[in-house]
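1. could you work out the structure for the sequence below:
(one chain, ligands or ions: 2)
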Amino acid sequence: MISVQGVSKQFGDYVALDDVSLEIRDGSLTALLGPSGSGKSTLLRIIGGLETPDSGRIVIHGDDATNVPPQKREIGFVFQHYAAFKHMTVRDNVAFGLTIRRQPKEKVAERVDELLKIVGLAGYQKRYPSQLSGGQRQRMALARALAVEPRVLLLDEPFGALDAKVRTELREWLRRLHDEVHVTTLLVTHDQEEAMSIADDIAVMDNARIEQVGHPRELYDNPSNPFVMGFLGEVS
Ligand code: ADP
Ligand code: MG
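-> Numbering: from 1, shown residues only. Ligands and ions are numbered 1, 2, ... in the order given. Below you'll find the predicted structure:
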């Protein structure tokens, strides 16, 4: 479980997170849903260790991780604009995290095969990122993030730059992937439909605070305030 405990963060005078607490269930696919500027990415980056909170704690699987550097948190990241190594093949991109950890070659090859099969890119090992579609590139990014067997997967609007049709496909695909690998996943999105259709739990954010947390159905049926009701009712 990931536990966010009373986390606050300011940038200058601007309050990006105001005393935020959140429990993310082990093995869940949790969506952090809210409008642009509500603080979602800041919270994700603090959970991932890319940013330090001004106050509060991040506890990951019982250990205080607040001051643990990102590379020691066993976390995989995928961002909206994925920075693939352009000069490396799909295979080498996915293998990267394993190669720098000096895993034996055969083991790396086996793991890359397995991962590319999971993300539906089995035949793409020798291609370069420029030869993939946007959707394929994000699937490669997920394979790369999963390669080192992270305990937590942090996805910041991973499908945000794709067109609506591909976005819907990838959203369903992510759900199936999650059902297969069960890694605790936090998905940042401003897309209500995306969150409602695939998340186990949704945390709704607005204005540096978490407004409500619950199962999609619960939030829809019993929104705790007018913001949640209005936001969930919007169709993007
Ligand atoms: P969201 O992901 O929900 O759109 P963010 O967490 O990115 O929101 O940002 C919340 C607010 O904090 C935004 O108004 C943004 O301008 C501000 N902010 C985020 N990161 C920084 C930073 N490094 N320096 C200054 N302001 C920032
Ligand atoms: Mg953001």
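
2. so where is this structure shaky, pLDDT-wise?
-> Counting by pLDDT under 70, the chain shows low-confidence ranges at 234-236.

3. that one: helices as residue ranges?
-> 40-48, 90-99, 105-118, 134-146, 164-181, 192-198, 216-221, 226-233 (DSSP state H).

4. quick one, which of those is nearest to Arg25?
-> Among the helices of the chain, the nearest to Arg25 by CB to CB is helix 164-181 (12.7 Å). From N, CA and C alone the C-beta is placed, and that goes for glycine too.

5. list the helices and strands the closest one packs on?
-> strand 29-33, helix 105-118, helix 134-146, helix 192-198 (3 or more CB pairs under 8 Å, 6 or more residues apart in numbering; DSSP states H and E).

6. mind listing what's buried along stretch 116-125?
-> Buried residues in stretch 116-125, counted by 16 or more other CB atoms under 10 Å: Leu116, Ile118, Val119, Leu121, Tyr124, Gln125.

7. any idea how far the nearest residue to the first one once chain neighbours are set aside lies from Glu106?
-> Among residues not flanking Leu116 along the chain, Ala122 sits closest, at 5.2 Å (CB to CB, 6 or more residues apart in numbering). Between Ala122 and Glu106 the distance, using CB to CB, to the nearest Å, works out to 18 Å.

8. ok, Ala145 next?
-> From Ala145 to Glu106 the distance is 22 Å (CB to CB).

9. who has more neighbours, these two?
-> Using other CB atoms under 10 Å, the more surrounded residue of Ala145 and Glu106 is Ala145, with 22 against 8.

10. I'd say that one and Leu153 touch.
-> Yes. Between Ala145 and Leu153 a contact is recorded at 6.1 Å, counting by CB atoms under 8 Å.

11. list the residues that contact both of these two?
-> Gly76, Val78 (CB atoms under 8 Å, 6 or more residues apart in numbering).

12. from Asp18, how far out is Asp54?
-> Counting by CB to CB - Asp54 and Asp18 are separated by 11 Å.

13. find residues that contact each of the two.
-> Ser8.

14. nearest residue to the middle of the protein?
-> Of all residues in the chain, the one closest to the mean position by CA atoms, centre = their mean is Leu155, 1.8 Å from it.

15. wouldn't that residue be in contact with Thr184 here?
-> No. In this structure Leu155 lies outside contact range of Thr184 using CB under 8 Å: 11.5 Å.

16. and of the buried residues of stretch 116-125, the nearest to Ser36?
-> Checking the buried residues of stretch 116-125 against Ser36 by CB to CB gives Val119 as the nearest, at 28.2 Å.

17. now do the buried residues in stretch 72-88.
-> In stretch 72-88, counting by 16+ other CB under 10 Å, buried: Arg73, Ile75, Gly76, Phe77, Val78, Phe79, Tyr82, Ala84.

18. ok, and what's touching it?
-> 47-49, 60, 65, 92-93, 96, 128-130, 137-138, 140-142, 144-146, 148-158, 160-161, 183.

19. swap in stretch 179-187?
-> Here stretch 179-187 has contacts from 1-2, 24-32, 44, 47, 76, 118, 146, 150-155, 158, 174, 178, 194-195, 198-199, using CB under 8 Å, 6+ apart.

20. please apply the same query to stretch 104-111.
-> Ala95, Leu98, Thr99, Gln103, Ala147.
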